[in-house]
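Engineer: got a predicted model here, sequence first, then my questions.
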Amino acid sequence: MNETESESPSDDNAVDRNCGGEGFEPVAISDDRIWELDVPERNQVLWAIRDLHRDWLLLQKRKRASRLLYDEQFEEESRCIHDETRLTLIHQHFESIVKSLKSAESETEVDDVHTKFELHFPVGVQIHLGVGQCKRLKTEESLYSKCRKAGLWKFASKFGYSSEVFGFEVSLDSTMRMDPEETPEQMASDFTCAEFETPQAVLKGARHMAALEISCEPLMRNYVRSKYLDSLELSTHPKTPDGNAIDSIFQRKPLHRLDDAQWLLLQKAEKDDLIGVTFELPEDGPNKLLSDFEKFYLRASVSKSAQLWNEQRKLILQDAIYDFLLPLMEKEARSMLTSRAKSWLLMEYGNVLWNKVSMTPAYQHKKDKIKSDEASAAPTVMACCWGEAETTLVMLDSYGELLDVLCISPFSWESYYTGDGNYTVDRLGTYDERKRVWKFVADYQPSVVVIGAVNMSCVLIRQYMLSVKAKLSTGTGAIRPFRIVFGDESLGRLYENSQTSSNQLPGQSGTVKRAVALGRYLQNPLAMVATLCGPERDILSWKLLNSPFEDVLTPDEKYKMIEQVMVDVTNQVGLDINLAINHQWLFAPLQFISGLGPRKAAHLQQSLVTSGCALSERREFVTLHHLGEKVFDNAVGFLRVRPSSSSSNQFSDLLDDTRIHPESYILAQELVKEVYNDKDALQCIRDQPGYLQRLDIEAYARSKQLEDKMQTLCDIRKELIQGFQDPRKEWEELGVDEVFHLATGLNDDAICEGRTVQARVYSVSFVGANCVTEVGLVGTLRREDYSDDGRRSRGLNKKLKTGDVITCKIKTVKKMYFPFEIVLSYDAFLQQIQQ
């Protein structure tokens, strides 16, 4: 494997090899030596440094490419000019452009330089006519080009400073002045032509040239940007349907006070022609800017000629400011606000993903988190997914492997309710199906049953599983109780439709694949999410933000954030290589190990799977699987090697099961012997880490003359105390609001007190009726909430019958109970109609 191969961001972010750079400080130690771990942390500073480095490299690349383009166009332009004065002027322009390009330190400054270059050297469009032949088509001729062709550039230069000199003077606060000898109109009369017939037309064209050159000068743009961009204020004006503005919402709001994605809301409203958005300087801002410019551009003289020239210069500055510079600042302000809002949105996207992948397996006990053998702490899971044709139950072992599948009839609310208005699970499915489910659960005895919360039928499945649990938890041959939780099927649906699922579960139906993903996410959230981060990037279709603006983020922007989150979590958790060899879907996070990336990870996985043998030590990555030394140095601290039950060689260095890099093994062994001098000292320290807690690292380093290794020794001690324990936060069940949203597809605004809904009656009695809304939400209509023509009904069974559709209002929403329930009121609906 080529160790110099360019790779994904994982290659550029190898952390400190000594100890992986990710020690977790213990905060307490109990009597049974179980240490509390800090949860993983996002390395946002490191990623920011990496992004700055990448942006700097891209900037240098762009500057080199721009210089090549400028040289080519300058040579082409020079060959077409025979006027020595004009040739001297474009030489000056070119030298100024090259100087500005060399000093440019941001993409914006390079944009400024390119704008000035295109003003003086129009690039046009180059088309190829054949082999070795091409023609450059000029773009549509601008007013500036017409003025230049008419020779007004000579007159424009008479106004005073060139744009470059003027920008230089403004930047340095210089006070040099120039003194034209003739009046503007006298000089303009010498430049009249067919295109500009009068001196006034010549003056207007020359002023346009001067103003445009000033506005395109990088020094001037930088000055205005640094002084006034942050001072811009935003105002919004709502519009009536005919497009006229009415009262303002925001009055001169500073840009820095726009929070979160607020600008995206304003931008969308403006696009829909609901509001108008304007950017303005503070009330004295334009005058202050004009005054700053006049101080350097006007001539300090009282002669009539000088006053006439100063009037022209004032007009030039006004055109430069109001026609070019301020609109440019507004454009940049809009771009800045969009970039800022997208950055916030992207950070929120990363936070949501972080919370979903930085969790331990469901219901992992603390004692399981410190196991050093191969026994997995992940629970055995039975996953249930509802389907229109059938409900699918799949059983997964603790490694996420599919054991068995059982399909039963779909559940419906009609069969759930009895004629007297009560409900019973005995009416769900046939007796033979219930027996099959009892046997299925009794045979495999899952630790957790997870139900996909896709619609209100998931509530019926939960009721059904509660009855199964009650049936099997009592009497002879009772099984251990299992937990019943809801899960989000959105990730499972992506997996169901991915090529990865077809490769891992060939021949299985889509519902089975979805159920497997639902169960695996409980067992290993990190590996399950990483499964969808393959070449097809199926993970990009996962809607993580409850925001209409998620589509504002491009796929590349989202995947960049996904990579950052996955790299951070993967390298803080580590990857058990021997476990992945036996259960290949667990290889998915390998691509996010620092130093590898997708290509190297794929080659390493193929080598490991082809071999089929568990590793006995980390060096076998190099000796048996041909991992390059540099790649090995970067990645080995995050690759966990521990004994496998299928391995013929049970010898394993305990240090291979830690984040300690092999180059620091000697330091680790000497450190252990300092506190427990025994041949099995490492195993003893692993079982009783309190010995190391009492060690004074600073005194030890001084005694061994290892002061330069102080940080490494501290990291080694942390890792030996904590081993390769799982630092992720405890798995959390979905909240009631989350399940309600997933099951109904509605938010709190759609289902709230006072909302009008339509419901179908499924059972009715004297005292009440049971109804189900369009989304499957259970509703109860009591007799006291129903009247007909203002008279209280004596019994609802006299007024309603099964199958009736009624319109009523929601009186109460009960989310805290399963099934979800709403209390309906027909009287409230009648009152609304009467009003």
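Structural biologist: On my side now, so go ahead.
Engineer: neighbouring strands - and their directions - for the helix or strand where Ile810 lies?
Structural biologist: For Ile810, the element it lies in under DSSP states H and E is strand 805-814. Under the criterion DSSP bridges, strand 805-814 sits next to strand 756-764 (antiparallel), strand 821-825 (antiparallel) in its sheet.
Engineer: lowest average pLDDT across those?
Structural biologist: With a mean of 60, strand 821-825 has the lowest mean pLDDT of the strands paired with strand 805-814.
Engineer: now Lys729: phi and psi?
Structural biologist: Note on Lys729: its backbone torsions stand at phi -70, psi 160 [degrees, to the nearest 10].
Engineer: report the beta-bridge partners for it.
Structural biologist: Residues found in beta-bridge contact with Lys729 (criterion: DSSP bridges) are Met359.
Engineer: give me the number of residues near it?
Structural biologist: The number of residues packed around Lys729, counting by other C-beta atoms under 10 Å, is 14. C-betas here are computed from N, CA, C, even on glycine.
Engineer: now Leu326
Structural biologist: With neighbours defined by other C-beta under 10 Å, the count for Leu326 comes to 21.
Engineer: what comes up buried for the host helix or strand of it?
Structural biologist: Counting by DSSP H and E, the secondary-structure element that holds Leu326 is helix 326-357. By neighbour count on 16 or more other C-beta atoms under 10 Å, the buried set for helix 326-357 is 326, 328-330, 332-334, 336-337, 340-342, 344-346, 348-350, 353-354, 356-357.
Engineer: please apply the same query to stretch 198-211.
Structural biologist: Using 16+ other C-beta under 10 Å as the test for burial, stretch 198-211 gives 199, 201-211.
Engineer: tabulate the residues you listed (TSV), appending pLDDT, distance to Ser541 and secondary structure.
Structural biologist: As requested, the buried residues of stretch 198-211 are exported to TSV (pLDDT from 0 to 100; distance: C-beta to C-beta, whole Å; DSSP: H, G, I helix; E, B strand; the rest coil):
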residue	pLDDT	distance to Ser541	secondary structure
Pro199	87	66	helix
Ala201	90	60	helix
Val202	89	61	helix
Leu203	89	61	helix
Lys204	89	56	helix
Gly205	90	55	helix
Ala206	88	58	helix
Arg207	89	55	helix
His208	90	51	helix
Met209	88	52	helix
Ala210	88	54	helix
Ala211	89	50	helix
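Engineer: relative to Leu654, which of those is nearest.
Structural biologist: For these, the closest approach to Leu654 (C-beta to C-beta) belongs to Ala211, at 75.3 Å.
Engineer: and Gly429, what pLDDT?
Structural biologist: For Gly429, the model assigns a pLDDT of 63.
Engineer: try Gly477
Structural biologist: What the model reports for Gly477 is a pLDDT of 68.
Engineer: quickly run through the sheet partners of the helix or strand just after the helix holding Leu326, with directions.
Structural biologist: Scanning forward in sequence from helix 326-357 by DSSP H and E, the next helix or strand is strand 381-385. Strands adjacent to strand 381-385 in the sheet, as given by DSSP bridges, are strand 391-396 (antiparallel), strand 448-452 (parallel).
Engineer: of these, which is nearest Val805?
Structural biologist: Each of the strands paired with strand 381-385 has some distance to Val805 by C-beta to C-beta; the shortest is strand 391-396, at 26.8 Å.
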